[in-house]
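Model the following, please.
(one chain, ligands or ions: 1)
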Amino acid sequence: MRRFLLLAHRVPVDGAFTLNDLAGGGGRMDEIARCVSTAFTISNDLRRDTELTVLFGSEPPPRSRRIDIYGARLRLLNPDERSTAALLKNALIRSHNVPGIVESSPGMVVGPSQPLEDLARFASQPGCWWLVEGGAPLASLAPTSDVAAVLSDPTDPTPPEREILERSGAVSIRVGPRSLRSSQVLDVVQNVLDGASEAVPVDRTPR
Ligand SMILES: C[S@@+](CC[C@H](N)C(=O)[O-])C[C@H]1O[C@@H](n2cnc3c(N)ncnc32)[C@H](O)[C@@H]1O
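Numbers count the residues shown, from 1 in each chain. Sure, this is the predicted structure:
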């Protein structure tokens, strides 16, 4: 299973933004939507072995929200950024002032969040990765097909988030020498994990 947690710092938690201004009034919802797209979409299919949690922390609890997306039962996700942003916006609107969790569309569950507690719980999973410029090279890790990994949106983690990540024992990993967009990082990681899962032992027995 591939589990990702994305920190979204500026998206309005009540979904009060227009799809015509995802980068501005939407608080970079354009990039959040691209992350959802790159986490789950492949050519003509969706990745069923992937889960993504987005923590929307632009306002403190009780207004903060989280959306959990489960590839195993995800439907209605198309590859384009605008319709993905619409699904996420709809989830936030459905959850506004609602104390419990709601499945706003198949495979997309929204509810209140304590973002720092949720981050701490996720990051304390054994072997969790913190995807960050300046981490250890991804290539230095043994191939694996299961992963839990945290990354941030275009805003770097806040000091309290950094402190949690540093204390959690999460392993800092970089996917390459350049600072990439969050969605590009997810593309790279998914591709590397795909490679690890198809790796088969080579028979080197002389014939
Ligand atoms: C656009 S970057 C963050 C902003 C950037 N630090 C800046 O200077 O404006 C978005 C996120 O992608 C991840 N990221 C970017 N480049 C990375 C890399 N080379 N390796 C691992 N993660 C990376 C980090 O989680 C980062 O917070």
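
What strands flank the longest strand along the chain, and is each parallel or antiparallel?
Scanning the chain for the strand with the most residues, using DSSP state E, yields strand 129-137. Counting by DSSP bridges, the strands paired with strand 129-137 are strand 147-152 (parallel), strand 171-174 (parallel).

and the least confident helix or strand in the chain by mean pLDDT, what does it pack onto?
Ranked by mean pLDDT, DSSP states H and E, the helix or strand of the chain with the weakest confidence is helix 182-198, at a mean of 93. Secondary structure elements in contact with helix 182-198, counted by 3 or more CB pairs under 8 Å, 6 or more residues apart in numbering; DSSP states H and E, are strand 2-8, helix 29-40, strand 147-152. For every residue, glycine as well, the C-beta is placed using N, CA and C.

relative to strand 129-137, how tilted is it?
Per axes from the mean of the first three to the mean of the last three CA atoms, to 10 degrees, the angle that helix 182-198 makes with strand 129-137 is 80 degrees.

tell me which residues of helix 182-198 are tucked away?
Of all the residues in helix 182-198, those buried under the rule 16 or more other CB atoms under 10 Å are S182, S183, Q184, V185, L186, D187, V189, Q190, V192, L193.

circling back: and the helices and strands packed on helix 182-198 as CSV, adding distance to the ligand?
Converted to CSV, the helices and strands packed on helix 182-198 look like this (distance: least, CB to the nearest ligand atom, whole Å):
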stretch, distance to the ligand
strand 2-8, 8
helix 29-40, 8
strand 147-152, 3
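
got these as TSV, with mean neighbour count and mean pLDDT columns?
Conversion of the helices and strands packed on helix 182-198 to TSV gives the following (neighbours: other CB atoms under 10 Å; pLDDT from 0 to 100):
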stretch	mean neighbour count	mean pLDDT
strand 2-8	23	98
helix 29-40	24	98
strand 147-152	22	97
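
closest to G134 out of these?
With CB to CB as the criterion, G134 lies closest to strand 147-152 of the helices and strands packed on helix 182-198, at 13.1 Å.

Alpha carbons only: can I get the closest one in PDB?
Presented in PDB, the C-alpha positions along strand 147-152 are these (Å, rounded to 0.1, in the frame of the first residue of the first chain):
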ATOM      1  CA  VAL A 147       5.400   3.300   1.700                       C
ATOM      2  CA  ALA A 148       4.000   6.100   3.900                       C
ATOM      3  CA  ALA A 149       5.200   9.600   2.900                       C
ATOM      4  CA  VAL A 150       4.500  13.200   3.900                       C
ATOM      5  CA  LEU A 151       5.000  16.200   1.500                       C
ATOM      6  CA  SER A 152       4.000  19.800   1.500                       C
END
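
The ligand contacts on this protein?
The chain comes close to the ligand at residues 131-133, 151-152, 154, 156, 174-176, 178-182, 185, as judged by CB under 6 Å from any ligand atom.

of all the residues you listed, which comes closest to S113?
Closest to S113 out of the residues of the chain next to the ligand is S152 (15.6 Å), distances taken as CB to CB.

For the protein, give me the ranges with low pLDDT.
Flagging of the chain using pLDDT under 70 yields the residue ranges 199-207.

looking at the strands paired with strand 129-137, which is closest to L76?
With respect to L76, and counting by CB to CB, the nearest of the strands paired with strand 129-137 is strand 147-152 at 24.2 Å.
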